[in-house]
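*Asks:* Sequence below, structure please.
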Amino acid sequence: MKNLLGLVVLFATTYLFGQVQVTPDATGNLQLSHIIWMLQENQTFDEYFGHLNAYRTAHGEPASVDGTPVGASNPAYSGGGTVNAYHFTTVCFEDLTPSWNESRRDVNRSNPLSKTSFPMNGFVYSAANYAINEDKKHPGSYADTKGIRSMGYYTERELPYYYFMATQFATSDRFFSPILSRTNPNRLANFAASALDVVNNIPSGSSFKQKTIFTLLQNAGISWKIYELNGNTFLGYFSSYGAYKAAHVFPISQYFTDLKNGTLPAVAFIETTGPQDEHPGENVQKGSAEAAIIINALRNSSSWASSAFIEAFDEGGGMYDHVPPQSAVIPDSIPPNLSATDDKDTYSRTGFRIPLLVISPFAKVGYVSHTVMDTTAVMKFIEIRFGLPSLTARDAAQPSMDEFFDWVNKPNLNAPAPPVQPTNAPCYYNKLP
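*Replies:* As a prediction, this is how the structure comes out:
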């Protein structure tokens, strides 16, 4: 009997690529009738939540976040002096580059392919170099050609809604984007748990045949929808899109209708790419205010008591973070399609830390996870809930995300109302801070 029990435990704690996944504590999330997730654009943990501890302690929670270190800085672009982390005044700032090569230089400016040294000292360099090159193409297009914007950060002064939600509900200081590159490969991995050979841009005319999380849901007869804010979705890059579009892809107005009518599907993704996505170049307050509308609508609906809403960001965008990318399981046998000028690397490490909100009546109050995971953990969470196979070795290797939840007590069922997210902070691009 003892040996038999051991075999059962071994099976229950093993995650097998391509097979239904089981965990010892997975039965808790069977209480969820709805899982909704959303990715905003291009912000790092230090930039948004690096100063969350001051807010937490002011509201009776421990200073348990690995936030921005005192004295955090990067070498200046010129090589002389440093640029210290500083508090943004503007809620709008010029774009940066999070591309394949630049991301590796963010980690190690002088030795971007090092596997042992991660000084996180190239953010200013990459931001400056990008602005200088863009300014050559379009003279006068960039005010910050020294890369200083990469060291800016926000606090509850600019983002009170996010600071409240990260403290009242659950968050993580070890949540990463899956790919050390820009939006496109990370957005593909958000659906397919693989970058599908994409390094930076998705080639024109691409129509990937690989399965997505929606393929798994469809095959299992689980209801799902994508709600679009701006009339586009990354599912459009997959060959399955044509068959799914009419019955499963809707404008965001349908989300609010479904909440009102009690017809929210079992799984939903909110596609926000556009003016409300908080991407550099957009107003981060207006983006976070849009997120607040979406989240608050769920909290005020009949679906709230059996839902989990997960908001994260697709990648770091070239903004500073002090924690290096982590080693990660290579998703599948599809290597990155590197050009002659791309750094020779693989998909064997994550991208940078990104902000995370886990919002649910089951979410632990004030919880901060320190477990390394990336956004494919959301795929794992959905797969476990609905008894689905894993998509790739990457999502199969992710933690279950159960640690964010108290499946017995529903500690946030009647959480206090969050503050209104303002949208009136200064927005300018021609100077810093």
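
*Asks:* quick one: secondary structure of residue 319?
*Replies:* Following DSSP: H, G, I helix; E, B strand; the rest coil, the label given to residue 319 is coil.

*Asks:* Helices along the stretch 51-200 of the chain, start to end?
*Replies:* Using DSSP state H, counting those that start in this stretch, the helices of the stretch 51-200 of the chain run over residues 52-58, 100-107, 123-137, 160-168, 183-192.

*Asks:* so of the ones you listed, which one's packed in deepest?
*Replies:* helix 183-192 (a mean of 26; mean count of other CB atoms under 10 Å). For every residue, glycine as well, the C-beta is placed using N, CA and C.

*Asks:* any idea of the angle that helix forms with helix 100-107?
*Replies:* 90 degrees (axes from the mean of the first three to the mean of the last three CA atoms, to 10 degrees).

*Asks:* tell me which strands and helices helix 183-192 is in contact with?
*Replies:* helix 213-220, helix 376-386 (3 or more CB pairs under 8 Å, 6 or more residues apart in numbering; DSSP states H and E).

*Asks:* and residue 93, which of these is closest to it?
*Replies:* helix 376-386 (27.9 Å; CB to CB).

*Asks:* what's the closest one in contact with?
*Replies:* 21-23, 26, 29-30, 32, 35, 37, 175, 178, 189-190, 193, 213, 216-217, 220, 222, 266-267, 308, 310, 312, 388-392, 394-396, 398-401 (CB atoms under 8 Å, 6 or more residues apart in numbering).

*Asks:* one more time with 6 Å, if that's ok
*Replies:* Contacts with helix 376-386, where a contact means CB atoms under 6 Å, 6 or more residues apart in numbering, come from 21, 26, 29, 32, 35, 37, 178, 193, 213, 222, 267, 310, 394-395, 398, 400-401.

*Asks:* so how far is the following helix or strand past that helix from its chain's centroid?
*Replies:* With elements assigned by DSSP states H and E, the helix or strand that comes after helix 376-386 is helix 393-396. From the chain centre to the centre of helix 393-396 is a distance of 17 Å (CA atoms, centre = their mean, to the nearest Å).

*Asks:* cool, and stretch 56-64?
*Replies:* 24 Å.

*Asks:* measure it end to end?
*Replies:* Stretch 56-64 stretches 9 Å from its first residue to its last (CA to CA, to the nearest Å).

*Asks:* quick one on the thing from earlier: mind putting the helices of the stretch 51-200 of the chain into JSON lines with distance to residue 423 and mean pLDDT?
*Replies:* Below are those laid out as JSON lines (distance: least, CB to CB, whole Å; pLDDT from 0 to 100):
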{"stretch": "helix 52-58", "distance to residue 423": "20", "mean pLDDT": "98"}
{"stretch": "helix 100-107", "distance to residue 423": "30", "mean pLDDT": "98"}
{"stretch": "helix 123-137", "distance to residue 423": "26", "mean pLDDT": "97"}
{"stretch": "helix 160-168", "distance to residue 423": "11", "mean pLDDT": "98"}
{"stretch": "helix 183-192", "distance to residue 423": "24", "mean pLDDT": "98"}
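
*Asks:* Identify whichever of these lies nearest to residue 370.
*Replies:* Of those, nearest to residue 370 by CB to CB is helix 52-58, at 13.7 Å.

*Asks:* which other residues reach the closest one?
*Replies:* For helix 52-58, the external contacting residues (CB under 6 Å, 6+ apart) are 63, 65, 67, 156, 163, 167.

*Asks:* for stretch 354-372, same thing?
*Replies:* 45, 48-49, 61, 64-65, 165-167, 169-172, 174-175, 177, 305, 308-313, 326, 399, 403-407, 410-413.

*Asks:* Tell me which of the residues you listed fall in strands.
*Replies:* 170, 171, 172, 175, 308, 309, 310, 311, 312, 313 (DSSP state E).

*Asks:* how close does the closest residue to residue 257 other than its chain neighbours get to residue 406?
*Replies:* Nearest residue to residue 257, sequence neighbours excluded (CB to CB, 6 or more residues apart in numbering): residue 263, at 7.7 Å. Distance of residue 263 to residue 406, computed by CB to CB, to the nearest Å: 28 Å.

*Asks:* quick one, what contacts residue 127?
*Replies:* Counting by CB under 6 Å, 6+ apart, residue 127 makes contact with 96, 147, 150, 318.

*Asks:* Check which helix or strand residue 38 maps to.
*Replies:* Going by DSSP H and E, residue 38 is part of strand 34-40.

*Asks:* what's that strand packed up against?
*Replies:* strand 267-271, strand 307-313 (3 or more CB pairs under 6 Å, 6 or more residues apart in numbering; DSSP states H and E).

*Asks:* Please name every helix or strand in contact with the longest one.
*Replies:* Strand 307-313 is packed against strand 34-40, strand 356-359, with contacts defined by 3+ CB pairs under 6 Å, 6+ apart.

*Asks:* In CSV, list the C-alpha atoms belonging to it.
*Replies:* Provided in CSV are the C-alpha atoms of strand 307-313 (Å, rounded to 0.1, in the frame of the first residue of the first chain):
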residue,chain,number,x,y,z
SER,A,307,-14.2,34.2,-11.6
ALA,A,308,-10.5,34.9,-11.8
PHE,A,309,-9.1,37.8,-13.7
ILE,A,310,-5.4,37.9,-14.5
GLU,A,311,-3.8,41.0,-15.9
ALA,A,312,-0.2,41.2,-17.0
PHE,A,313,2.0,42.8,-19.6
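
*Asks:* which residues are contacting that strand?
*Replies:* With CB under 6 Å, 6+ apart, strand 307-313 has contacts from 32, 34-40, 43, 295, 298, 354-360, 375, 378.
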